[in-house]
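Q: Okay, here's the prediction I keep looking at, along with the sequence it came from:
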Amino acid sequence: MTADRPHDLSTGTGTGTGHDLGIGTDDGADTAPGAETVATPGHPAGSADGSGGGPDGGILGRAHRALTLGIISVVSLVAFEASAVNTAMPVAARALDGIGLYAFGFSAFFTASLFAMALAGEWSDRRGPLGPLFTGIAAFGAGLLVAGVAHSMGMFIVGRGVQGIGGGLVVVSLYVVVGRAYPERLRPSIMASFSAAWVVPVIVGPLVAGTVTEQLGWRWVFLAIPVLILLPLVVMLPALRTLPRTRPGPRGGVRQVLSSRRCLLALAVAVGACLLQYAGQHPSWLALLPAAAGLALLAPGIVRLLPRGTFRAARGLPSVVLMRGLAAGAMVAAESFIPLMLVTQRGLSATLAGLSLTGGGLTWALGSYVQSRPRLEPYRERLMGLGMVLLAAAIVMVPLALIDGVPAAIVAVAWTIGGFGMGLNISSGGVLLLKLSRPEEAGSNSASLQMSDALGNVTFVGVGGVLFVAFGGGTIAAHGPAATGAASHPAAFVAVFATMAVVALTGSVTASRLK
């Protein structure tokens, strides 16, 4: 898994990587008030009391079946790709002689998707969701193809960036489609189906990807998925054609969309993050120039994209948004390096290394279920703090696998604990955000929460990459050291995991500021 994983989508919020389908539109326009109870062609809105019946009454009724199945199929494919990348990445980086740029393979996706989220929000608001949806699907497929045929790590990273643009466009536009195509009474059900669509890919993704990597080669993990995207498109195209068309306003042109304030801020943050990570992995006096430029772009953009007071953990909503970024960033950054550690330091196959993450996806869903129990509602803030403590404990346990005599299976045990903690934290954060938001601010606040996810992923994966290289990780060959005598640098992994554990503990302290 990456940033993308099972989470509480019934609130319209979620995580993600990233490698995450819990992303709303940029300015909260995915559920425009005027669209909540108005029937659209072929999509009856239902009665005011939310009741429904007959064959058209549910998300799998006649009126919504094709669109629902198409959406679930797209989400499942994105989820499968997200869970498969971690499995194939160590082998791909080794084959392309790019272990030193390993973190860029993940951060390129997150950084590009951050900009694409803002772009999709503006594009959907001004011209409707179909343009960004189809463009995003095409870009996602194109990025997979570029990564799959890459003959250098640089080209592979470019492909991952194109994938990120596609992913950011798709996740936002899908939420706009849900807001326009489904009546309010059905939205919790379709959101829950988004989350359910992650479960099977999380279980089978590492196994399938590992088998394909070992038997056919890592390239086929990327090259096979674009063909599969065509089927859900064909299934839901008729239903998408019935959506009401949005006529571009006077400021609805492509130039106006790209030059909107939030798009420009997101672009500045993305470029700044890239410059900082580049400078961090090329330590020299000359690197101070891109570092300074990156910081000048990154800092002002982040401050303006998130609620005021976020970075000083102001009580209430700002702390909720801050905790989400800390949780998502710590989890994704640590998780990104687990397969590489198991392949290079313990000699595990790509399949077994990927399977070590599977339990986390299942317990994430369990934690999400536990926090939803009505009797636990008075303790929601404590649940979020507990979730961060469990995540920190899991991250601390992971590098124990570097000790001779400690079974590699400890990583799988640790990640089941971390997944449960994330289920408690992420889902509770979505519920608490809506509780703290006025109705007219719920959409924009949800967008800020999800933007914090993306920023956390970009920032801490970048920090992890810098630490990994600084402690000698760039010289590690992605072979089992016992078999080839390759260099072993456990300190590089310990530095990454220790830092992310501190980030998670910082999030647990932030829990005291949620009220």
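A: Yep, it's here.
Q: Which pLDDT does the model give Met500?
A: Looking at Met500, its pLDDT reads 96.
Q: An error on my part: the question was meant for Ser47.
A: Reading off the confidence values, Ser47 has pLDDT 35.
Q: try Ala392
A: Looking at Ala392 specifically, the model assigns a pLDDT of 96.
Q: Could you report the neighbour count for Met341?
A: Other residues near Met341 come to 27 when the count uses other Cβ atoms under 10 Å. Every C-beta, even on glycine, is put in place using the N, C-alpha and C of the backbone.
Q: element containing it, please.
A: Secondary structure from DSSP states H and E places Met341 in helix 317-345.
Q: gap between stretch 335-348 and the chain center?
A: Remark: stretch 335-348 is offset 21 Å from the chain centroid, using Cα atoms, centre = their mean, to the nearest Å.
Q: That one - what's its average pLDDT?
A: Average pLDDT, stretch 335-348: 88.
Q: and what of stretch 311-325?
A: Rounded to a whole number, the mean pLDDT of stretch 311-325 is 90.
Q: How far away from the center of its chain is it?
A: If you compare the mean C-alpha spot of stretch 311-325 with that of the full chain, they lie 19 Å apart, counting by Cα atoms, centre = their mean.
Q: Can you point out the buried residues in that stretch?
A: Using 16 or more other Cβ atoms under 10 Å as the test for burial, stretch 311-325 gives Ala313, Leu317, Pro318, Ser319, Val320, Val321, Leu322, Met323, Arg324, Gly325.
Q: I'd say the last one and Gly456 touch.
A: Yes - checked against Cβ atoms under 8 Å, the pair Gly325 and Gly456 is within contact range at 3.4 Å.
Q: list the contacts for Ala296?
A: Applying Cβ atoms under 8 Å, 6 or more residues apart in numbering to Ala296 gives the contacts Gly272.
Q: does it sit in a helix or strand, and which one?
A: Counting by DSSP H and E, Ala296 is found in helix 288-305.
Q: How about Ser76?
A: Here Ser76 is covered by helix 65-95, with elements defined by DSSP H and E.
Q: after the lowest-mean-pLDDT helix or strand in the chain comes which helix or strand?
A: The helix or strand of the chain with the poorest confidence is helix 481-484; it has a mean of 44 (mean pLDDT, DSSP states H and E). Once the chain leaves helix 481-484, the next helix or strand it forms, by DSSP H and E, is helix 490-510.
Q: element containing the residue nearest to Met397 when sequence neighbours are not counted, please.
A: Of all residues not flanking Met397 in the chain, Ala414 sits nearest, at 3.7 Å (Cβ to Cβ, 6 or more residues apart in numbering). According to DSSP H and E, Ala414 maps onto helix 410-436.
Q: which helices and strands sit right next to that helix?
A: Counting contacts by 3 or more Cβ pairs under 8 Å, 6 or more residues apart in numbering; DSSP states H and E, the secondary-structure elements packed against helix 410-436 are helix 317-345, helix 358-371, helix 380-397, helix 442-470.
Q: Might you list the low-confidence residue ranges for the stretch 401-515 of the chain?
A: 434, 439-447, 474-488 (pLDDT under 70).
Q: at 90 instead, please
A: Low-confidence regions of the stretch 401-515 of the chain, defined here as pLDDT under 90, cover residues 404-405, 423-491, 512, 514-515.
Q: With the stretch 101-250 of the chain instead?
A: Under the criterion pLDDT under 90, the flagged ranges of the stretch 101-250 of the chain are 101-138, 141, 154, 164, 167-218, 220-250.
Q: Can I get stretch 323-334 as PDB, trimmed to CA atoms?
A: Taking only C-alpha atoms (Å, rounded to 0.1, in the frame of the first residue of the first chain), the coordinates of stretch 323-334 have been written out as PDB:
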ATOM      1  CA  MET A 323      -2.900  15.400  13.000                       C
ATOM      2  CA  ARG A 324      -4.100  14.000   9.700                       C
ATOM      3  CA  GLY A 325      -1.000  15.100   7.900                       C
ATOM      4  CA  LEU A 326       1.300  13.700  10.600                       C
ATOM      5  CA  ALA A 327      -0.500  10.400  10.600                       C
ATOM      6  CA  ALA A 328      -0.700   9.900   6.900                       C
ATOM      7  CA  GLY A 329       2.900  11.100   6.400                       C
ATOM      8  CA  ALA A 330       4.400   8.900   9.100                       C
ATOM      9  CA  MET A 331       2.500   5.800   7.900                       C
ATOM     10  CA  VAL A 332       3.300   6.200   4.200                       C
ATOM     11  CA  ALA A 333       7.000   7.200   4.600                       C
ATOM     12  CA  ALA A 334       7.600   4.200   6.900                       C
END
